[in-house]
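Undergrad: what follows is a predicted structure for the sequence shown.
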Amino acid sequence: MTGFVQDIEGLAVRNEEFRRVLYTARHCQLVLMALKPSEEIGEEVHTLDQFFRVEEGAGEAVLDGVRTPIAAGFAVVVPAGATHNIINTGERPLKLYTLYAPPNHRDGVVHHTRAEAEADTEQFDGHTTE
């Protein structure tokens, strides 16, 4: 198959991994994320653009110090260079997906926990899904 055509909401809601790279194209990458209650992505800054879509749960998006409550149905666009974080402020997992443009992670990488993700020095190596 060329490209990615699947039920992204269903995949995001069923995902239990902190990070799971689903598909990597030359110019963007689709990644599932699940944050446990009180867990966060961690403050970061990228030289790329990033999009988040929340499918389940409640949290907070922090962009350059501005905190905004988010919940299912919310989208967050983070322009390159913005300091950002996504925090689960709810009682259940925060399920979301993100698009990096261009790709940021190695294709197919799975990090079961945030600690595992932070310990891994992986980054996009130029290899795409197809």
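TA: In hand now; what should we look at? Numbers count the residues shown, from 1 in each chain.

Undergrad: got the confidence number for the residue most central in space within the chain?
TA: Geometric centre of the chain, nearest residue: Thr98, 3.9 Å, by Cα atoms, centre = their mean. Thr98 is assigned 98 on the pLDDT scale.

Undergrad: I'd say it and Val54 touch.
TA: No. Checked against Cβ atoms under 8 Å, the pair Thr98 and Val54 is beyond contact range at 10.2 Å. C-beta coordinates here come from the backbone N, C-alpha and C atoms, glycine included.

Undergrad: strands along the chain, start to end?
TA: 19-24, 29-35, 49-56, 58-63, 66-71, 75-78, 84-88, 94-101, 110-111 (DSSP state E).

Undergrad: mind checking those strands for the one nearest to Glu43?
TA: The minimum distance between Glu43 and the strands of the chain falls on strand 84-88, with 4.6 Å, by Cβ to Cβ.

Undergrad: got the angle for that closest one vs strand 29-35?
TA: Calculated by axes from the mean of the first three to the mean of the last three Cα atoms, to 10 degrees, strand 84-88 forms an angle of 40 degrees with strand 29-35.

Undergrad: now for strand 84-88, which elements pack on it?
TA: Packing partners of strand 84-88 (3 or more Cβ pairs under 8 Å, 6 or more residues apart in numbering; DSSP states H and E): strand 29-35, strand 58-63, strand 94-101.

Undergrad: figure out which of those strands is closest to Glu122.
TA: Across these, closest to Glu122 is strand 29-35 (Cβ to Cβ), at 12.5 Å.
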